[in-house]
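Q: With the sequence up front, the predicted model follows.
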Amino acid sequence: MFLNSNPNLKCIQVDDSNYSNSNWSASKDASASYSNNCNIIEVTTAPKLAATGDQLYCPQNLINIVTTFSITHDIAEPGTQAAYIQVSSGYSSGFDKLELLNPAAHPSITTSWDVTTGKLKLSSPTGVDVLYTDIEAAIKDVAFSNSSAAASGTRTFSITIGQANYLPSTQHYYLFVPSLGITWASAKNAAEASTYYGLKGYLATILYADEAKLIGEQASGTGWIGGSDAETEGVWKWVTGPETGTVFWNGNTNGSTPNFAFWNNGEPNNQGDEDYAHITQPGTGVRGSWNDLSNTGSLNSGDAYQPKGYIVEYGGMPGELPLNIAVSTKITIPEITSVSTPNSICDSGSFTLNASATIGAVINWYDAASGGTLLGTGNIYNTPVTNTTTTYYADAGCESNRKSVTAVINKTPAVPIADKSTVTRCGAGTVTLQASADIGIINWFTTASGGISVYTGNSFTTPIVISNTTYYAEASNNGCINTTRIPVDIIIYTPPIVTDETVILCQFQKITLDAGISGMNYLWSNGSAAQTTEINDAGTYTVLVTDPGPGSCSSTKKVTVIEHLRPQIERIDVEGTRAVIYLSKAEDYFEYSVDGVNFQDSNIFYDIPAGLQTAYVREKNNCGQTEKDFVVLVFPPFFTPNNDSYNDFWEVSGMENYPQAEVTIFDRYGKLIIQLNASRMSWDGTFEKLPLPASDYWYTLKIDNTKPILRGHFSLKR
């Protein structure tokens, strides 16, 4: 018997002219192909599957994947090689599982569970076709389970007669075809030459995340898909199937997508003119993601980038109607999606609890995290009146997913207790107030009622207080307030007013220090308890002045005693009419004079008259004075001995104050002319009674043996 390679081909002879192609093609069975060659045996139409089963599921339990299921088939085709059930969306590998319950009741069925693809295969243990009636019965006994108590979300189950994976969201079929080393171009041609129950194949185009997951993660291998930028570098398009021409990526690694793309990290990188999209081999980057390859991919056997096959997609081509060889059901793990926490109340009352859950789930309210008593059902639960904080629990049918909500009862505190009802202090400043409550916190106010709290806490350090003030303590426990406020009075006493001083103590004298305010209690730092105390040393002295009245306020006065020395003249340096007075120890508080009347801060004097003078030095605060004589010698720079009564003689003014002084005069050649002393104080310009010529003459002055010899010169003018 000859069979056509198409499994749903029918033979119809069109002999009557009334049955033109346009007439019979409009009425033909969409699930089968037709031929006018009746030498080929007619093959039945594809079976039609129908199922229901939109159910709620609690983790760690078993649930049948269908509530009803049927297969309608042509009597000429009573069976098929295998049926497939796949967790096509929401699959959690390692936790989700499909299994046949009561396998002994289905002796003609053997099962094979593929944990990678999430697919259960039902087939004959002997390799022959399995009757549709047996498949139908077995699928009704297929159950789903998840081993994790924390499982969540929705699972979609695809039930199909064909081997291809079925995705309910697209109603398309996907098949991985192994072909080691196949080129992209060959894969494209092979995919387009294949059909699936009359649906035309093409290299898969991936438009959605669930498509990418099913094809990339749950397929049995990796391979080519229908994307390329061969036409324009960097502009990636789907170039196969109904999406031909659709751009899905612009650029290279850092490009962007106008809709959906799932490139691996660092892809596409266009290394070596890579113009074709390929699903990455597992273990190379993100599972199920894409990379770009050249038409051949890697030619190295076993390389991660050597093509292993290609993905064919069926469905969606123009003129094609969906097949009924696949159906889907789903289960949803019911969860409480939100629970609102009610506002706390004071002392006692009832609460209204609100929750929402997965669509279709009924909310149950309990008094325990597991087990417990069912208190009510529905999104809203009104609790009984209670006077204690209570935790309630809600679930949407699965005990393992219960969510808690606590209804808080807060006790209203008793009237607070103040540590002191009156607090005093001396002078302006801060005060620390203390109060406590049996529960909750203390709020402080400036008014007996109303107002805004200025501080929260048992211990309150006030701002600076300058006059008598009252603060009020109020007890509060999470919004439950005892409105009776306790006053705490602050009384401010004025301390004695004292003024710090700095006083001068003259050397070798005593001074009396005074607290400056009478009628108080005193305590000096030197131990004295009187208003005044006598001291004879410089230093810093303090006196604590205490008011004997209410408050016993004290103030501390500081007296700084500075000792001023008596002046002592060490020497006086005289240069002509300029004199400098030097002291044993100079201080800023000394002043100087050379006439005893006019004093100055500087120790330097100018234009002092010749002769015996007196230097005076005194302390400015009358702590003492000292004086010392000195002589100013004036040497005339010239003289004119012409008997006009002006400058007729050359003499040293002030020399009379030094009885032992001698002046020796020489001419310019060193010849001794004359010696002056106490008996002869001047020179008339003669030598041996003869006038000497006008010229420069030199002199030396020896005052005594303790002082240096002074030298100079002068002019004789005629």
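A: Yep, that arrived. Residues are numbered from 1 along each chain as shown.

Q: all strands of the stretch 151-300 of the chain, in order?
A: For the stretch 151-300 of the chain, strands defined by DSSP state E, counting those that start in this stretch occupy the ranges 154-160, 165-167, 172-178, 195-196, 199-203, 224-228, 235-238, 246-250, 276-279, 290-293.

Q: Can you tell me which of the ones you listed is nearest to Thr389?
A: Evaluated with C-beta to C-beta, the strands of the stretch 151-300 of the chain place strand 154-160 nearest to Thr389, the distance being 36.2 Å. All C-beta atoms are positioned from the backbone trio N, CA, C, and that covers glycine.

Q: outside of the closest one, which residues touch it?
A: Strand 154-160 has contacts (C-beta atoms under 8 Å, 6 or more residues apart in numbering) with 49, 51, 53, 57, 65-66, 69, 83-91, 96, 98, 139, 144, 165-169, 173, 325-333.

Q: Pick the most buried one from the strands of the stretch 151-300 of the chain.
A: Sort the strands of the stretch 151-300 of the chain by mean neighbour count, taking mean count of other C-beta atoms under 10 Å, and strand 276-279 sits at the top with a mean of 28.

Q: List the neighbouring strands of that one plus their orientation.
A: Based on DSSP bridges, the pairing partners of strand 276-279 within the sheet are strand 224-228 (antiparallel), strand 290-293 (antiparallel).

Q: mind exporting the first one as PDB, just the C-alpha atoms?
A: Extracted in PDB, the C-alpha atoms of strand 224-228 (Å, rounded to 0.1, in the frame of the first residue of the first chain):
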ATOM      1  CA  TRP A 224      19.100  28.500  13.600                       C
ATOM      2  CA  ILE A 225      16.100  30.900  13.800                       C
ATOM      3  CA  GLY A 226      14.800  33.200  11.100                       C
ATOM      4  CA  GLY A 227      16.600  36.500  11.900                       C
ATOM      5  CA  SER A 228      19.200  38.100   9.700                       C
END
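
Q: could you check the angle strand 172-178 makes with it?
A: An angle of 110 degrees separates the directions of strand 224-228 and strand 172-178 when computed by axes from the mean of the first three to the mean of the last three C-alpha atoms, to 10 degrees.

Q: List the residues that contact Asp500.
A: For Asp500, the set of contacting residues under the criterion of C-beta under 8 Å, 6+ apart consists of Lys557, Lys558, Val559, Thr560.

Q: switch to 6 Å and redo it
A: Taking C-beta atoms under 6 Å, 6 or more residues apart in numbering as the criterion, Asp500 is in contact with Lys558.

Q: and the gap between it and Ile109?
A: Separation of Asp500 from Ile109 (C-beta to C-beta, to the nearest Å): 109 Å.

Q: Helices of the stretch 1-150 of the chain, start to end?
A: Using DSSP state H, counting those that start in this stretch, the helices of the stretch 1-150 of the chain run over residues 21-25, 132-140.

Q: In CSV, list the strands of the stretch 151-300 of the chain along with distance to Thr462.
A: Conversion of the strands of the stretch 151-300 of the chain to CSV gives the following (distance: least, C-beta to C-beta, whole Å):
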stretch, distance to Thr462
strand 154-160, 62
strand 165-167, 73
strand 172-178, 77
strand 195-196, 87
strand 199-203, 82
strand 224-228, 75
strand 235-238, 73
strand 246-250, 68
strand 276-279, 74
strand 290-293, 71
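
Q: Show me the one of those strands that comes nearest Ser584.
A: When the strands of the stretch 151-300 of the chain are compared for distance to Ser584 using C-beta to C-beta, the nearest one is strand 246-250, at 98.2 Å.

Q: centre of the chain versus that closest one, how much separation?
A: How far strand 246-250 lies from its chain's middle: 39 Å, per C-alpha atoms, centre = their mean, to the nearest Å.

Q: I'd like the average pLDDT over the helix or strand hosting Tyr310.
A: Here Tyr310 sits within strand 309-314, counting by DSSP states H and E. Strand 309-314 shows an average pLDDT of 96 in the prediction.

Q: and the angle from it to strand 172-178?
A: An angle of 160 degrees separates the directions of strand 309-314 and strand 172-178 when computed by the same axes, to 10 degrees.
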